[in-house]
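Output the structure for:
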Amino acid sequence: MKLLAHFSLFLGLLSITLKAQNTPAPIKLVDIILTANHSDWNYKLNEEATVKISVLRYGSAVENAEIEYQYGPEQLNPEKKGTLKLENGVGEINIGTMNNPGFRQLKVQAKIDGYIYKNEIKAGYAPFQIQPTVKLPKDFDVFWDKAKAENNKIPMDAQVTYKPELSTTTVDIYLVRLQNYKLGHYFYGYLSKPKDNKKHPVLFNPPGAGVKKIVPFTSYAEKGFISFTTEIHGVNPEMNESDFQEMRKNLSDYWAINLNDKNNYYYKAVYLGCVRAIDFLTSLPEYDQKNVVVTGGSQGGALTIVTAGIDNRVNYISAFYPALSDNSGFLYNRAGGWPSMFSDKYQNNSPEKISTMEYYDVVNFAKKIKIPGFYSSGYNDNTCSPTSTLAAFNSVTAPKEIVITPISAHWRFGETDDQSMKWLSEKCGIK
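Predicted structure coming up:
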């Protein structure tokens with residue numbers, strides 16, 4: 001028995017050792033450090049930006065490293081390509097300037113010991129002066145008022161199922177199914193409620209892009225909110241895997257479905273579903289009857305702004321790097337928002353599709369916001385370009401504040417999340 005126990009212990013330690021051996025390194029062996037000569041990465045119009053380049057191995061300069069570089073307006077074809085030898089592991093590149101508000105992007109790579117290492121940086125030129133390219137339809141308000149009125153005729157038919165196996169000692173979890181858009185059309189979400197039988201602010205948390213099964217999220221409830229985290233495609237998180245994969249396959253480019261028809265475009269049901277989520281949250285007996293909050297990132301950031309733009313029950317929002325912003329940018333030779341639908345890649349530039357998107361572009365909802373908002377974006381975001389996200393932010397005329405973390409890409413720092421939650425909690429009177 002002792003021998004068996006020792007052998008089992010040996011196998012356990014061997015397993016741990018093998019796993020440790022296969023764990024990816026948390027840092028790169030070689031780093032390419034890019035440093036703008038303005039610490040906030042912001043420049044005036046017609047001011048030239050210079051970027052210092054350092055190639056380091058073990059934290060020390062790599063002698064005679066050679067880099068390849070290219071630069072130009074973000075997400076467009078580069079204006080210049082070249083190579084630069086860094087005699088002491090350090091060099092400098094002037095990436096030029098802009099005479100219109102926007103961003104320029106520098107991409108570099110170096111081949112060291114047979115491996116290629118990359119990095120990039122974007123410089124902002126008068127970023128808070130960026131104006132959107134998308135037009136606001138004259139009947140925008142009429143279109144959405146009519147859509148909401150029609151949706152109000154569809155019963156919510158809420159199905160709420162308690163999930164004890166997902167609940168915690170402090171938070172109750174419920175799987176919710178809501179009817180929306182037309183009879184028999186449903187979407188799903190997880191409701192999280194603090195276990196204290198008190199009244200609370202309600203928080204709607206729309207999803208990022210993609211087709212995926214949602215999971216419960218208890219963090220907002222732990223901070224004093226009744227939260228509702230949803231999906232947008234009618235994916236029941238408990239559906240079997242084969243059905244889910246088939247649905248996922250059919251919705252690979254869902255953002256393009258019926259893009260030529262404003263009355264039946266895919267996002268119409270999605271945007272109305274955001275209003276339906278507020279219908280549900282404000283119907284709960286635990287709702288404090290005062291505070292309705294929406295927060296999300298990427299597509300969720302877009303839906304946060306959309307919800308605030310068409311539902312006056314919303315009091316406060318926190319939106320991170322919103323997608324679907326100033327989609328028409330590519331038609332004007334500048335970066336547009338996710339999913340780059342009017343870039344050369346997709347060839348969607350028909351008058352009908354461009355016209356449809358004017359009714360769904362986040363910029364036009366941002367113009368309608370009348371409530372305080374917290375926003376955040378990063379300059380190195382290649383998914384939701386800062387040109388597009390700043391076009392949306394600059395379109396908001398209501399009280400607003402923004403946290404810019406230039407080095408972040410399509411993600412945010414924990415510190416920014418903390419700032420957002422502190423801001424929302426203070427607004428809602430949560431201590």
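
what's around Ala409, how many residues?
16 (other C-beta atoms under 10 Å). In this view, the C-beta of every residue, glycine as well, is placed from N, C-alpha and C.

What strand or helix carries the closest residue to it other than its chain neighbours?
The spatially closest residue to Ala409, leaving aside those adjacent along the chain, is Asn380, at 4.4 Å (C-beta to C-beta, 6 or more residues apart in numbering). Using DSSP states H and E, Asn380 sits in no helix or strand.

correct me, but Asn380 touches Thr405?
No: applying C-beta atoms under 8 Å as the test, Asn380 and Thr405 come out as separate, 9.1 Å apart.

and those two? which has more neighbours close in?
Looking at Asn380 and Thr405 with other C-beta under 10 Å, you find the greater number of neighbours at Asn380, namely 20 against 16.

Next, give phi and psi for the more buried one.
With angles defined as degrees, to the nearest 10, Asn380 sits at phi -90, psi 20.

can you pull the contacts of it?
By C-beta atoms under 8 Å, 6 or more residues apart in numbering, the contact list for Asn380 reads 120-122, 406-409.

out of the residues you listed, who has the most neighbours?
Counting neighbours by other C-beta under 10 Å, Lys122 leads the contacts of Asn380 with 32 neighbours.

That one belongs to a strand?
Yes: Lys122 sits within a strand when classified using DSSP: H, G, I helix; E, B strand; the rest coil.

That one pairs with what?
Under the criterion DSSP bridges, Lys122 forms beta bridges with Gln105.

show me the contacts for it.
41, 74, 103-106, 379-380, 386, 406.

swap in Val270?
Val270 neighbours (C-beta under 8 Å, 6+ apart): 232, 303.

Repeat that for the one 10 residues further on.
When contacts are counted by C-beta under 8 Å, 6+ apart, Phe280 touches 156, 158, 176, 178, 228.

can you do 10 Å?
156, 158, 160, 176, 178, 180, 189, 191, 202, 204, 228, 230 (C-beta atoms under 10 Å, 6 or more residues apart in numbering).

avg pLDDT for the host helix or strand of the third one?
Of the helices and strands defined by DSSP H and E, Val160 is found in strand 159-162. Looking at strand 159-162 alone, the average pLDDT works out to 98.

ditto for stretch 237-250
Mean predicted confidence for stretch 237-250 is 96.

Off-centre distance for it?
For stretch 237-250, the distance from its own C-alpha centre to the chain's C-alpha centre is 23 Å (C-alpha atoms, centre = their mean, to the nearest Å).

residues in contact with that stretch?
The contact list for stretch 237-250, computed with C-beta under 10 Å, 6+ apart, reads 161, 163, 175, 188-190, 210-216, 231, 233-236, 254, 257.

The strand holding Val160: what's the following helix or strand?
Next helix or strand after strand 159-162 toward the C-terminus (DSSP H and E): strand 171-179.

and that following strand, which strands flank it?
strand 159-162 (antiparallel), strand 186-194 (antiparallel).

tell me, how many neighbours does Asn197 end up with?
7.

next one: Tyr181
Neighbour count of Tyr181, defined by other C-beta under 10 Å: 19.

Verify the stated contact: it with Phe187.
Yes: taking C-beta atoms under 10 Å as the definition, Tyr181 is a contact partner of Phe187 at 8.8 Å.

Tell me the pLDDT of Gly59.
Gly59 carries a pLDDT value of 89.

Ramachandran coordinates for it?
phi 90, psi 0.

That one: how many residues sit nearby?
Neighbours around Gly59, by other C-beta under 10 Å: 6.

check contacts around it.
Each residue near Gly59 by C-beta under 10 Å, 6+ apart is listed here: Asp31.

out of the contacts of Asn380, which one sits closest to Leu34?
Nearest to Leu34 among those, counting by C-beta to C-beta, is Ile121 at 4.2 Å.

How about the nearest residue to that closest one once chain neighbours are set aside: which residues does it bridge to?
Distances taken as C-beta to C-beta, 6+ apart place Leu34 nearest to Ile121, at 4.2 Å, with adjacent residues excluded. Beta-bridge partners of Leu34, counted by DSSP bridges, are Ile53.

can you pull the pLDDT of Leu34?
pLDDT recorded at Leu34 is 97.

Please name the spatially closest residue to Asn349 (chain neighbours excluded).
Using C-beta to C-beta, 6+ apart and skipping the chain neighbours, the partner closest in space to Asn349 is Phe342 (5.7 Å).

Now for that neighbour: which residues touch it?
Applying C-beta under 10 Å, 6+ apart, the residues near Phe342 are 133, 327-332, 336, 348-350, 353-354, 357.

cool, and Phe320?
Contacts of Phe320 by C-beta under 10 Å, 6+ apart are 208, 295-298, 300-301, 304, 374-378, 384, 389, 403, 408, 410-412, 416-417, 420.

how close does Pro372 get to Ile402?
12 Å (C-beta to C-beta, to the nearest Å).

who touches both of these two?
With C-beta under 10 Å, 6+ apart, Pro372 and Ile402 have common neighbours Val396.

now the strands for the stretch 151-300 of the chain?
For the stretch 151-300 of the chain, applying DSSP state E, counting those that start in this stretch gives strands covering 159-162, 171-179, 186-194, 200-205, 226-230, 287-297.

in the stretch 151-300 of the chain, which segments are predicted with low confidence?
Low-confidence segments of the stretch 151-300 of the chain (pLDDT under 70): none present.

Let me see the mean pLDDT of whichever helix or strand Leu84 is part of.
Leu84 belongs to strand 80-86 when assigned by DSSP H and E. Averaging pLDDT along strand 80-86 gives 96.

helices or strands next to whatever helix or strand comes next after it in the packing?
Along the chain past strand 80-86, the next helix or strand (assigned with DSSP H and E) turns out to be strand 90-96. For strand 90-96, the packing partners by 3 or more C-beta pairs under 10 Å, 6 or more residues apart in numbering; DSSP states H and E come out as strand 30-36, strand 49-57, strand 65-73, strand 80-86, strand 102-112, strand 115-125.

Would you pull up how far the last one lies from the middle of the chain?
Meaning strand 115-125. 20 Å.

Buried residues, that strand. List them.
Neighbour counts over strand 115-125 (16 or more other C-beta atoms under 10 Å) mark 117, 119-125 as buried.

Kindly present those residues as a markdown table, with separate columns for pLDDT and distance to Lys146.
Listed next are the buried residues of strand 115-125 as a markdown table, based on pLDDT from 0 to 100; distance: C-beta to C-beta, whole Å:
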| residue | pLDDT | distance to Lys146 |
| --- | --- | --- |
| Tyr117 | 96 | 54 |
| Asn119 | 97 | 49 |
| Glu120 | 97 | 44 |
| Ile121 | 98 | 46 |
| Lys122 | 98 | 40 |
| Ala123 | 98 | 44 |
| Gly124 | 98 | 39 |
| Tyr125 | 98 | 40 |
